[in-house]
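Undergrad: Sequence isn't available, so here's the structure alone:
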Ligand SMILES: NC(=O)C1=CN([C@@H]2O[C@H](COP(=O)(O)OP(=O)(O)OC[C@H]3O[C@@H](n4cnc5c(N)ncnc54)[C@H](OP(=O)(O)O)[C@@H]3O)[C@@H](O)[C@H]2O)C=CC1
Ligand SMILES: N[C@@H](C[C@H]1CC(C(=O)O)=NO1)C(=O)O
């Protein structure tokens, strides 16, 4: 039985809790939080303050870090890697190299495996981008997200001073999608592929112009996109934007010889971005434990994980029934 800890009990933490319950080889032993544990209610697992993590070091096989990428994981994952094998969903793509280096130092020093930037993008979509290019070297890859709610971008909005709550919708630009599908030679830029629409609940009396400016100028999240900001009430957010659906597609189009075209298409349609991502993170937790059992230590990414590491099935079963 894989003994699992969740670090951070938000949308993704609750999604991971659901996922662990779906995996017969996993047991949720504790949920860590920075809040007063008495104020956090789980589906049954005990809640401990993050300050008490060391007391759980010999009771946990893997810790799933479910904090926000904007400000939490850059600190939380190296700290967790000092105590446990760990997994996170760090998705600030531009900062992944620096995050990897910091986590690698902590994990190597403690002899643990730390699997970073898992989920679906980065995560499964990253794997498909590499796979598509490997099997169709003469071609091009496109990634479209949405329409749906990006948790990373919504988290980034909520970290702005004066913002009480927020949701961000990512929308593919329909003309660009149509041009790609038609095989037209279209320029694909960050701004020509997606727009971002934010729904923000601000504190009473907050400087809305400053908040809107901070959003639109935010590097790595909004600065390179056409972004709209809508200020609404908490009641409107709850009534009209309660769900966290999402999805997307990675497409690799290439030629195996002159005039012979091939397409690899990987699509996600998600009722719940956090529950699906939690399910990926849980499987990656299994893989991190397997890598550690092989004597590995340090930071790893989804590119270092085999499909057998992710599967609950034995290698014999996979050979007999999945090839
Ligand atoms: N790679 C991928 O494909 C994906 C990655 N992600 C990543 O997951 C990250 C987390 O997203 P998400 O779970 O939606 O973010 P949340 O804002 O729901 O949670 C982030 C942290 O905020 C704290 N928190 C949550 N609820 C409350 C509350 N009511 N009051 C006070 N603090 C609270 C929790 O920490 P604590 O319990 O310690 O207080 C939690 O760990 C995103 O930033 C994104 O980067 C998400 C989806 C896909
Ligand atoms: N990391 C994303 C997962 C996908 C969705 C996305 C976007 O809408 O910009 N980018 O990557 C998330 O937090 O939801």
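TA: On my side now, so go ahead. If you're wondering where the values come from, they're calculated on a predicted model, not measured in any experiment. Ligands and ions are numbered 1, 2, ... in the order given.

Undergrad: Quick check: phi and psi on residue 109?
TA: As for residue 109, its main-chain torsions (degrees, to the nearest 10) stand at phi -60, psi -30.

Undergrad: hang on, isn't it packed against residue 102?
TA: No: the pair residue 109 / residue 102 is not scored as a contact, 11.4 Å apart, by C-beta atoms under 8 Å. Any C-beta I mention is one placed from the backbone N, CA and C, and that applies to glycine too.

Undergrad: With neighbour numbers in mind, choose between these two.
TA: For residue 109 versus residue 102, the count of surrounding residues by other C-beta atoms under 10 Å is larger for residue 102: 19 against 13.

Undergrad: Next, the contact list for that one, please.
TA: The contact partners of residue 102, taken as C-beta atoms under 8 Å, 6 or more residues apart in numbering, are 74, 77, 78.

Undergrad: can you pick the most crowded of those?
TA: residue 77 (31 neighbours).

Undergrad: measure that one to residue 111 for me?
TA: 16 Å (C-beta to C-beta, to the nearest Å).

Undergrad: Could you do residue 143 as well?
TA: 35 Å.

Undergrad: which of those two has more neighbours?
TA: Shown here are residue 143 and residue 111; by other C-beta under 10 Å, residue 143 has more neighbours (18 against 12).

Undergrad: hang on, that one packs against residue 265?
TA: No: using C-beta under 8 Å, residue 143 makes no contact with residue 265, being 11.6 Å away.

Undergrad: anything in contact with each of those two?
TA: 249, 250, 251.

Undergrad: Can you add secondary structure and neighbour count and give these back as CSV?
TA: Below are these laid out as CSV (DSSP: H, G, I helix; E, B strand; the rest coil; neighbours: other C-beta atoms under 10 Å):
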residue, secondary structure, neighbour count
249, strand, 19
250, strand, 24
251, strand, 19
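
Undergrad: List the residues that contact residue 44.
TA: Residue 44 touches residue 28, counting by C-beta under 8 Å, 6+ apart.

Undergrad: where does it land on pLDDT?
TA: Residue 44 is assigned 96 on the pLDDT scale.

Undergrad: And for residue 182?
TA: 83.

Undergrad: biggest helix in the chain by residues?
TA: helix 273-293 (DSSP state H).

Undergrad: which parts of stretch 292-310 are buried?
TA: In terms of neighbour count (16 or more other C-beta atoms under 10 Å), stretch 292-310 has its buried residues at 292, 296, 297, 298, 299, 300, 301, 302, 305, 309, 310.

Undergrad: So which of those residues belong to helices?
TA: Using DSSP H, the buried residues of stretch 292-310 in helices are 292, 309, 310.

Undergrad: okay if I get these as TSV plus pLDDT?
TA: Shown next, in TSV, are these (pLDDT from 0 to 100):
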residue	pLDDT
292	98
309	98
310	98
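
Undergrad: wait, does stretch 104-118 contact ligand 2?
TA: No: Stretch 104-118 does not reach ligand 2 (C-beta under 6 Å from any ligand atom); its nearest approach is 9.2 Å.

Undergrad: Also stretch 143-154?
TA: Yes: Stretch 143-154 reaches ligand 2 (C-beta under 6 Å from any ligand atom) through 145, 146, 150, 151, 152, 153.

Undergrad: Name the residues of that stretch that are buried.
TA: 143, 144, 145, 146, 147, 148, 149, 150, 151, 152, 153, 154.

Undergrad: Quick check: residues of the stretch 101-250 of the chain near ligand 2?
TA: Going by C-beta under 6 Å from any ligand atom, the residues of the stretch 101-250 of the chain near ligand 2 are 120, 121, 145, 146, 150, 151, 152, 153, 170, 246.

Undergrad: rewinding a little: dump the shared contacts of residue 143 and residue 265 into a markdown table; add pLDDT as well.
TA: A markdown table is the format used below for the shared contacts of residue 143 and residue 265 (pLDDT from 0 to 100):
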| residue | pLDDT |
| --- | --- |
| 249 | 96 |
| 250 | 96 |
| 251 | 94 |
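
Undergrad: Which one of those is nearest to residue 259?
TA: Within those, the smallest distance to residue 259 is 19.5 Å, found for residue 251 (C-beta to C-beta).

Undergrad: Report the contact partners of the closest one.
TA: 132, 141, 142, 143, 144, 180, 263, 264, 265, 266.
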